[in-house]
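Colleague: compute the structure for the input listed below.
(one chain, ligands or ions: 3)
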Amino acid sequence: MDQTRIHFYTTQIISSSITKIANNPEYNPSMAIEAWFMEENDEDKRLPHHCNPKEFVSPDHLADIGVLYWDLNPKVYENDVKLQKIRQDRGYNYMDILDLCPEKVENYEQKLRNFYTEHIHADEEIRYCLEGNGYFDVRDKDDRWIRIWIKPGDLIILPAGIYHRFTLDTTNYIKLMRLFLGEPVWTAHNRPQDNHPSRRDYIKNFTDKNLGCSAGD
Ligand SMILES: CSCCC(=O)C(=O)O
Ligand SMILES: [Fe+2]
Ligand code: NI
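Modeller: Ligands and ions are numbered 1, 2, ... in the order given. Modelled structure (predicted):
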């Protein structure tokens, strides 16, 4: 599949309305993933960074900013019909596994620093946690950090153009499946990227819409 087609497909996914996503029987936000607004301070990034008092974020709120989530059984990932269905429905024909430990990953420390540098991608970022834990931080429409705690069985999709970053938690280990539509492109575009086409599409399809909606509430 060529890049133009991939871009078209990605844009189509983004353009599908939030309601459509919520109505998709395959999308079940009731199996809640843990997410919360993050307090930014100088403490270790691997700590939870809860606000005081804690402010949790619902799966619906995550869906509003285009973040999708599935709860799967990581023990059967090699033969999981639910996973196969998601891959089939969304065209994720590429798959690999990232075992994030210093012995297996070249330039481990540098990679971790890059992961935690705020960035976007031109395509979705799809990660399925098989072992260990980590935090995906995503910006909400008011530019606040939401911290999403990823545990075994959590499959998460970040839309193209969303500002985000990743860190291990204090357990210091995660094993992730990476999925992609077509030939994978992992290029990270560090913030600011206000004029990047995927950023513009993201703003148009999520942030602007949401702002318009809340103005009328
Ligand atoms: C460890 S996978 C998540 C890090 C990330 O945001 C990326 O690879 O682009
Ligand atoms: Fe990323
Ligand atoms: Ni509203």
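
Colleague: which non-adjacent residue is nearest the residue in the chain that ligand 1 sits nearest to?
Modeller: Relative to ligand 1, the nearest point of the chain is Phe166 (3.6 Å; Cβ to the nearest ligand atom). In short, each C-beta sits where N, CA and C put it, glycine included. Of all residues not flanking Phe166 in the chain, Phe115 sits nearest, at 4.3 Å (Cβ to Cβ, 6 or more residues apart in numbering).

Colleague: I'd assumed Arg165 was in contact with that neighbour.
Modeller: Yes: if you go by Cβ atoms under 8 Å, Phe115 and Arg165 touch, sitting 6.5 Å apart.

Colleague: next up, the contacts around the residue most central in space within the chain.
Modeller: With distances taken as Cα atoms, centre = their mean, the residue of the chain nearest its centroid is Leu158 (3.0 Å). Leu158 makes contact with 66-67, 121, 124-126, 136, 138, 164, according to Cβ atoms under 8 Å, 6 or more residues apart in numbering.

Colleague: let's go with 10 Å and repeat that
Modeller: 62, 65-68, 120-121, 123-127, 136, 138, 148, 164, 166 (Cβ atoms under 10 Å, 6 or more residues apart in numbering).

Colleague: what is the burial count for the nearest residue to it once chain neighbours are set aside?
Modeller: In space, Leu158 comes closest to Glu125 once its chain neighbours are excluded; the distance is 4.3 Å by Cβ to Cβ, 6+ apart. By other Cβ atoms under 10 Å, the residues close to Glu125 number 22.

Colleague: per-residue pLDDT of Glu125, please?
Modeller: Glu125 is assigned 98 on the pLDDT scale.

Colleague: give the helix, strand or coil label for the residue of the chain closest to ligand 1.
Modeller: strand (DSSP: H, G, I helix; E, B strand; the rest coil).

Colleague: okay but it is in contact with Cys129, surely?
Modeller: No: the pair Phe166 / Cys129 is not scored as a contact, 11.3 Å apart, by Cβ atoms under 10 Å.

Colleague: compare Phe115 and Arg165 (neighbour count), which wins?
Modeller: Each of Phe115 and Arg165 has its neighbours counted (other Cβ under 10 Å); Arg165 has more, 20 against 17.

Colleague: OK, contacts around the more buried one?
Modeller: Counting by Cβ under 10 Å, 6+ apart, Arg165 touches 45, 114-119, 135-139, 145, 188, 190-191.
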